[in-house]
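Engineer: attaching a predicted model along with its sequence, questions to come.
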Amino acid sequence: MEIRPLEDLRTADNLSLAFNPYGLGGRMKPEDAAEFQQRQIADCDLAAGVAAGTRDSFDRLRTVFAYGVLCYDVYTMVGDQALLIYEQALRDRFMEWCAGTITFRAPQSPDVSHTVTSYDDVKKRADGMRGQRAKLVVATHTIEFNGMLHGLRLWARTAGLLRGRRSRAVEDALAKLRNYVAHPSGHHVDTPVEAARTVRDLAELINQLWGQTTPNGRLYPAPLRRDIAVLSWNGSGRARMEPADALTVHDSTEDQEDVAYQHVVVRAIPFVPGSRWDDAHWAEFDTRYETTRFPTEYLWGPGTREQARTWMEQERPEGDSVDFTDRVFLVQDHERLLPPMRPAVAAGLPDEERVGVWHAVRADFPADAFAHVRGSGDRSAGHTRRPGDCSACSAEVLGVGSHDEALRAAAAALGPIQAVQPPSVRLPLSTFWPDRP
Ligand SMILES: [Zn+2]
């Protein structure tokens, strides 16, 4: 090979300089590129308790990423290495979880426990037990476990260490990429954008494995802050969302204009500039259906601005925070498919409204649950119809049947369901969910 002088090795790679904050096109100065690229992953720090081996590997990955400015190929190698650390993190977490003992259960025989001191031990034991059709005991469940990535992923989900439905689809994709990296069948090149995203995803996954969510995360987001907000609308189709504070400013000209408006008070995700998560569907609010993207809680209304102000001054409601992942929705199919409903609302319906076929679906967003149920009507689309994870989307089927059967499936996942009967309130105009009774 050609021996390159040090000066040459220290020179920025032209390909790396082509990536700038606005995408491809302009060319950055080397010093700007070095800073810009490092900033892309600068804030992904690992939680305090993360195992030393995983932490060392991750820190090394972050260090090497910075050298991509000098050598574009580094981005591909960083992306590949991140996928291997994905498996290392699962192994390290497994070793902490099992605390030196793994237990297998085979049909018609007593449980067998083994002492393990390394992950190699775990793999040997798992291999040995497979011949006896034994399954790994994970709390109150048993799972197929071969010690490979597939088994580790199943274990982490069963043990409740990983959560979210969309993140599960990303875990699937990471596993496929990991297998491709371990057994490459061709040439691939990662851009700095892809490499940085893989590193960020990896940081989120490691932190979640060790029990820490990521504020504004893509995969395992921390619970979102909900504030008290006032939704209002008038007869000519205008709708507004205001923070509660906006009503404490008393302005008589404003009140005159507002006579034509109806107001409701809710707990909702506020619009935060730069947040990955804001509720583009807030104006679809409906007490009966889950038509906003995030859980929006009805508190009061409808009424005038003055009444809303009085109610808030008396009651002084406060914000809270919500985890929007892994929600359970019921979707009613009666002559047409209706928007997803919260199980508590479905449980409070009068008998005549319980007709049709009901689907109990777990999903992060109502639109995901709805898309799955609509898709499952077409056999060629590949959506799962039986209980379990859907292989075609990020929904999990809990049950399908009568109103009672679907509600029982929801209760099996959530625990006892307390029926509610909220007053029927909705904003009149709808872009995303126009088809509601
Ligand atoms: Zn599906």
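Structural biologist: Structure received.

Engineer: work out for me the element Thr63 sits within.
Structural biologist: Under the criterion of DSSP states H and E, Thr63 resides in helix 52-65.

Engineer: listing partners with orientation, what would you give for the top strand by length along the chain?
Structural biologist: Counting residues, the longest strand found in the chain (DSSP state E) is strand 224-233. Sheet partners assigned to strand 224-233 using DSSP bridges are listed as strand 239-243 (antiparallel), strand 262-268 (antiparallel), strand 320-322 (antiparallel).

Engineer: where among the ones you listed is the average confidence lowest?
Structural biologist: Ranked by mean pLDDT, those end with strand 239-243 in last place, scoring a mean of 92.

Engineer: quick check: next helix or strand after that strand?
Structural biologist: Assigned by DSSP H and E, the successor of strand 239-243 is helix 245-248.

Engineer: so how far is that next one from its chain's centroid?
Structural biologist: 33 Å (C-alpha atoms, centre = their mean, to the nearest Å).

Engineer: what's next to it, contact-wise?
Structural biologist: Residues outside helix 245-248 that contact it (C-beta atoms under 8 Å, 6 or more residues apart in numbering) are Val230, Arg305, Ala308, Arg309, Met312, Glu313. From N, CA and C alone the C-beta is placed, and that goes for glycine too.

Engineer: restrict those to contacts with the ion.
Structural biologist: Among the contacts of helix 245-248, none lies close to the ion by the criterion of C-beta under 5 Å from the ion.

Engineer: closest to the ion among these?
Structural biologist: Val230 (36.3 Å; C-beta to the ion).

Engineer: packing partners for the helix or strand just after the helix holding Thr63?
Structural biologist: Sequence order places helix 73-98 as the next helix or strand after helix 52-65, per DSSP H and E. With contacts defined as 3 or more C-beta pairs under 8 Å, 6 or more residues apart in numbering; DSSP states H and E, helix 73-98 has these neighbours: helix 52-65, helix 119-130, helix 149-158, helix 166-182, helix 192-209.

Engineer: picking that back up, put the alpha carbons of the helix holding Thr63 into CSV.
Structural biologist: Only the C-alpha atoms of helix 52-65 are listed here, as CSV (Å, rounded to 0.1, in the frame of the first residue of the first chain):
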residue,chain,number,x,y,z
ALA,A,52,-18.2,-0.7,32.5
GLY,A,53,-17.6,-2.8,29.4
THR,A,54,-20.5,-1.2,27.5
ARG,A,55,-19.5,2.2,28.7
ASP,A,56,-15.9,1.8,27.5
SER,A,57,-17.0,0.6,24.0
PHE,A,58,-19.4,3.5,23.7
ASP,A,59,-16.8,6.1,24.8
ARG,A,60,-14.4,4.7,22.2
LEU,A,61,-17.0,5.0,19.5
ARG,A,62,-17.6,8.7,20.3
THR,A,63,-13.9,9.4,20.2
VAL,A,64,-13.4,7.7,16.9
PHE,A,65,-16.5,9.5,15.4
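
Engineer: buried set for that helix?
Structural biologist: Across helix 52-65, burial judged by 16 or more other C-beta atoms under 10 Å covers Thr54, Arg55, Ser57, Phe58, Leu61, Arg62, Phe65.

Engineer: just the pLDDT at the nearest residue to the third one once chain neighbours are set aside, thanks.
Structural biologist: Closest residue to Ser57 in three dimensions, ignoring its sequence neighbours and counting by C-beta to C-beta, 6 or more residues apart in numbering: Ile85, at 4.7 Å. pLDDT for Ile85: 95.

Engineer: contacts only, for Ile85.
Structural biologist: By C-beta under 8 Å, 6+ apart, the residues touching Ile85 are Thr54, Ser57, Phe58, Leu61, Leu202, Ile206.

Engineer: so which of the strands paired with strand 224-233 is the most surrounded?
Structural biologist: Most buried of those by mean neighbour count (mean count of other C-beta atoms under 10 Å) is strand 262-268; its value is a mean of 23.

Engineer: what lies in contact with it?
Structural biologist: Residues outside strand 262-268 that contact it (C-beta under 8 Å, 6+ apart): 226-234, 241, 244, 279, 282, 285, 292, 294, 296-305, 307-308, 311-312, 317, 319-320, 425.

Engineer: could you measure from the closest residue to Cys390 other than its chain neighbours over to the ion?
Structural biologist: The shortest distance from Cys390 to any residue other than its chain neighbours is 4.2 Å, reached at Thr384 (C-beta to C-beta, 6+ apart). Shown here: Thr384 relative to the ion, a distance of 6 Å by C-beta to the ion, to the nearest Å.

Engineer: surely Thr384 forms part of a strand?
Structural biologist: No: assigned with DSSP: H, G, I helix; E, B strand; the rest coil, Thr384 falls outside any strand and is coil.

Engineer: picking up where we left off before, closest to the ion out of the contacts of Ile85?
Structural biologist: Leu202 (26.4 Å).

Engineer: show me what contacts the closest one?
Structural biologist: So Leu202 contacts Phe58, Leu61, Ala82, Ile85, Tyr86, Ala89 (C-beta under 8 Å, 6+ apart).
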